[in-house]
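Trainee: Quick one, fold the following:
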Amino acid sequence: MSLKPVDPRITAKLLEGHQDVISGLAAEREKFYQHQSCPYCQGNSFRKIGDGRTLFRAGEPLPRYQLHCLDCGCEFDPFSGIVLTIGNLAKAFEPVVPLINKD
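Mentor: Numbers count the residues shown, from 1 in each chain. Below you'll find the model as predicted:
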């Protein structure tokens, strides 16, 4: 099944005279995601994951994404705090003991 996007001119005409309530909510939600830290490694660089089972909720106009930590690989739900996949701390940190002879 393929989705056909609506022509932007038609969308603008349909929305004429209506108040924009989504942009403010979207900015708040994006700020919420940016202020998260990984529950496992405390990292703060993420990729959003859209899970079709939990992406949309009744009464909420915006999707709820899960976050994938780019430092350790941990996946969690920032709204509930539930960790879905535990990350690997070896990816997130440099070794404590320096490697002298790498060859």
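
Trainee: Spatially nearest residue to the residue nearest the centre of the chain (excluding sequence neighbours)?
Mentor: Central residue of the chain (C-alpha atoms, centre = their mean): residue 48, 2.7 Å from the mean position. Distance criterion C-beta to C-beta, 6 or more residues apart in numbering; nearest residue to residue 48, sequence neighbours excluded, is residue 65 at 3.9 Å. Using the backbone N, CA and C atoms, a C-beta is placed for each residue, glycine as well.

Trainee: show me the contacts for the one you found.
Mentor: Shown in contact with residue 65 (C-beta atoms under 8 Å, 6 or more residues apart in numbering): 33, 48-50, 55, 78.

Trainee: Closest one of these to residue 91?
Mentor: Of all the contacts of residue 65, residue 91 sits closest to residue 49, with 17.5 Å by C-beta to C-beta.

Trainee: How about that closest one: what's its closest non-neighbour residue?
Mentor: In this structure, residue 49 finds its nearest non-sequential neighbour in residue 66, 4.5 Å apart by C-beta to C-beta, 6+ apart.

Trainee: so how far is residue 41 from the one you found?
Mentor: Distance of residue 66 to residue 41, given as C-beta to C-beta, to the nearest Å: 16 Å.

Trainee: Let me know the pLDDT of the closest residue to residue 50 other than its chain neighbours.
Mentor: Nearest residue to residue 50 in three dimensions, chain neighbours excluded: residue 65, at 5.8 Å (C-beta to C-beta, 6+ apart). Per-residue pLDDT puts residue 65 at 94.

Trainee: Contacts for the longest helix seen in the chain, please.
Mentor: Ranked by residue count and defined by DSSP state H, the top helix of the chain is helix 22-34. By C-beta under 8 Å, 6+ apart, the residues outside helix 22-34 that reach it are 46, 48, 61-62, 65, 67, 78.

Trainee: among these, which one has the lowest pLDDT?
Mentor: Least confident of the contacts of helix 22-34 in the model: residue 61, at 88.
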